[in-house]
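A.B. asks: have a look; sequence and predicted model below, questions after that.
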Amino acid sequence: MEEEGSISIQAAIEAMVIVAVEPVSTELLAQLLELPLTEVESACEQLAAEYRSRGSGFELVEVAGGYRYQSVADYSPYVERFLLDEQRARLSGAALETLAIVAYKQPISRGQIASIRGVDPDGVLRTLMARGYIDAVGNDDGPGQAILYGTTATFCEKLGIASLDDLPSIAEFIPDAEVVEALEQGLRIEPPVEPTAT
């Protein structure tokens, strides 16, 4: 990449993205560097390709509408051992289930989540909000104007996806009708046949 004056554009991008807490958009980088957006996008793509080609332990990836540095997935076992703070504690099964419901059904109310899960989700919703994975995104138009929940940019960032469009289709997790029918037949209990009197 050519240099702007005596400053390397790629080095400037590295310097800004590495200190950022959130993913940095190419629009902001272009504004700060006073360069055309296409030139900054090209520089980011070249940086990402350079890290991949040299087999670095980190990579520059586009997630949640911006660029950030993250460790390469192949080295995640080592990174997980290194990061032992409480923020890395795993989510419970109930929290993961609730997060999946919010991700695929958003915007969704607490009552709707409760009707799907069959239990009161208040504690789990507080946990997910505290972690920054979901947030209140509006109110229902119906009686009581219930709070509606949706996922956040942090959710996309943690999953390593650019947007909710990158979530796998929920249809991939639903069995075919034949499988459901076979399960129903296998689980059906037939009443015992009473012997007929002769």
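C.D. replies: Noted; the coordinates are in hand.
A.B. asks: excluding chain neighbours, what is closest to Pro23?
C.D. replies: Closest residue to Pro23 apart from its sequence neighbours, by C-beta to C-beta, 6 or more residues apart in numbering: Gly66 at 3.1 Å. Quick note: C-beta positions are derived from backbone N, CA and C, even for glycine.
A.B. asks: check contacts around the one you found.
C.D. replies: 22-26, 28 (C-beta atoms under 8 Å, 6 or more residues apart in numbering).
A.B. asks: can you rerun that using 10 Å?
C.D. replies: By C-beta atoms under 10 Å, 6 or more residues apart in numbering, the residues touching Gly66 are 17, 20, 22-29, 44, 153, 157, 162.
A.B. asks: then Thr26?
C.D. replies: Thr26 touches 13, 37-45, 62, 65-67, counting by C-beta under 10 Å, 6+ apart.
A.B. asks: low pLDDT regions in the chain?
C.D. replies: For the chain, residues meeting the criterion pLDDT under 70 lie at 1-6, 83-89, 171-177, 179-180, 183-198.
A.B. asks: let's see 50
C.D. replies: Counting by pLDDT under 50, the chain contains low-confidence ranges at 1-4, 86.
A.B. asks: all helices of it, in order?
C.D. replies: Assigned by DSSP state H, the helices in the chain fall at 9-19, 26-33, 37-53, 76-82, 93-105, 110-117, 122-130, 153-159, 177-187.
A.B. asks: between helix 110-117 and the fifth one, find me the angle.
C.D. replies: In other words, helix 93-105. Using axes from the mean of the first three to the mean of the last three C-alpha atoms, to 10 degrees, the inter-axis angle of helix 93-105 relative to helix 110-117 is 110 degrees.
A.B. asks: take helix 93-105, keep the C-alpha atoms, and write them as CSV.
C.D. replies: C-alpha atoms of helix 93-105 as CSV (Å, rounded to 0.1, in the frame of the first residue of the first chain):
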residue,chain,number,x,y,z
GLY,A,93,-28.1,-23.6,28.9
ALA,A,94,-31.2,-21.5,29.8
ALA,A,95,-29.3,-18.3,28.8
LEU,A,96,-28.2,-19.8,25.5
GLU,A,97,-31.7,-21.0,24.8
THR,A,98,-33.2,-17.6,25.6
LEU,A,99,-30.5,-15.8,23.5
ALA,A,100,-31.3,-18.0,20.5
ILE,A,101,-35.1,-17.2,20.9
VAL,A,102,-34.3,-13.5,21.0
ALA,A,103,-31.9,-13.7,18.0
TYR,A,104,-34.4,-15.5,15.8
LYS,A,105,-37.7,-14.0,16.9
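A.B. asks: correct me if wrong: Lys158 contacts Ala103.
C.D. replies: No: judged on C-beta atoms under 10 Å, Lys158 makes no contact with Ala103 at a distance of 11.5 Å.
A.B. asks: hey, what's in contact with both of those two?
C.D. replies: Shared contacts of Lys158 and Ala103 (C-beta under 10 Å, 6+ apart): 133, 151.
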